[in-house]
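# Let me see the structure of the following:
(one chain, ligands or ions: 1)
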Amino acid sequence: MRRIGLSKDYTTVLATHHQDEFGELYRGFNAMLQEIRVRDEKLSQLATTDTLTGLANRGHALESLQTMLTRAQRLGGAMGVMLLDVDHFKQVNDTYGHPAGDQVLRDIAHILQANVRAYDLAARFGGEEFLVLCEGADLSATVDMAERIRAAVASRVYRLAGGQTLRTTVSVGVYAGAGSHATAMQLIELADQALYRAKQAGRNRVVHA
Ligand SMILES: Nc1nc2c(ncn2[C@@H]2O[C@H](COP(=O)(O)OP(=O)(O)OP(=O)(O)O)[C@@H](O)[C@H]2O)c(=O)[nH]1
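Predicted coordinates:
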């Protein structure tokens, strides 16, 4: 028990064959460990997940970016970063209402999840902005993935609760690379500059740095 207390490894189960008070004590202790583990998982889920979309939240995305970048730099591999912003989203809210806007954000989150690989990370980075981290992807692979997502969003017809339908588009800024001196914030900044150019060029497009 002292070892569990020190290691905080609550997955441990204490084995006992006692049928007396000791057995009772062990079983109570195991039940308590199980409860701590479930609460631990719930807390960590709450701390890393965006509640509206179920995607990773900004903090978790930044941590993952740092981990992915460090790994890519250590192994000399590539990585891609994609910043997506919903076009004219204020108009969606103004025309159809905030709940409709929320539904669009949730739908886009589904599209992202359906289009990224198991080892990529899709996150909600801010209000109507999403970040996708593509592990081991070079520029061409990241742009291809971004283009697939852009096209999927553009062709989606959102069906609202009241029977109305709407369509929307996203602009995407892409950066790929993991230069030995690059920092996580520089990667985001470069993707953001590309995103800005995508908006300036007319939206509903992918631009890379
Ligand atoms: N429904 C909903 N709206 C949100 C949420 N977070 C941010 N927004 C809205 O997103 C809108 C963003 O608007 P802007 O930054 O003006 O950008 P935009 O209208 O998308 O225009 P462009 O980015 O230039 O294409 C604002 O109206 C915010 O209120 C959210 O969680 N739910």
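# got the residues of the protein near the ligand?
52, 85-91, 93, 98, 101-102, 105, 127-128, 199, 203 (C-beta under 6 Å from any ligand atom). Backbone N, C-alpha and C define where each C-beta goes, glycine included.
# Inside strands: which ones of the residues you listed?
Asp85, Val86 (DSSP state E).
# Next one: the most centrally placed residue in the chain relative to Arg159, how far apart?
With distances taken as C-alpha atoms, centre = their mean, Ala123 lies nearest the centre of the chain, 2.4 Å away. Here the criterion is C-beta to C-beta, to the nearest Å. By it, Ala123 lies 26 Å from Arg159.
# Then Leu69?
Distance from Leu69 to Arg159, counting by C-beta to C-beta: 39 Å.
# Would you quantify the distance from His18 to the ligand?
54 Å (C-beta to the nearest ligand atom, to the nearest Å).
# which SS state does the residue nearest to the centre of the chain fall under?
Following DSSP: H, G, I helix; E, B strand; the rest coil, the label given to Ala123 is strand.
# Find the nearest non-adjacent residue to it, please.
Ala61 (3.5 Å; C-beta to C-beta, 6 or more residues apart in numbering).
# Please verify my assumption that the one you found contacts Glu129.
No - using C-beta atoms under 8 Å, Ala61 is not in contact with Glu129; the gap is 10.8 Å.
# Neighbour count for these two, which is higher?
Ala61 (24 against 17; other C-beta atoms under 10 Å).
# helices and strands around the host helix or strand of the more buried one, which ones?
Per DSSP states H and E, Ala61 falls inside helix 58-75. Where contact means 3 or more C-beta pairs under 8 Å, 6 or more residues apart in numbering; DSSP states H and E, helix 58-75 is packed against helix 21-48, strand 79-86, strand 121-126, strand 129-135, helix 184-200.
# Just want the angle from it to strand 121-126.
Between helix 58-75 and strand 121-126, the angle comes out at 130 degrees (axes from the mean of the first three to the mean of the last three C-alpha atoms, to 10 degrees).
# For the residue nearest to the centre of the chain, list each beta-bridge partner.
Applying DSSP bridges to Ala123 yields these beta-bridge partners: Ala56, Leu131.
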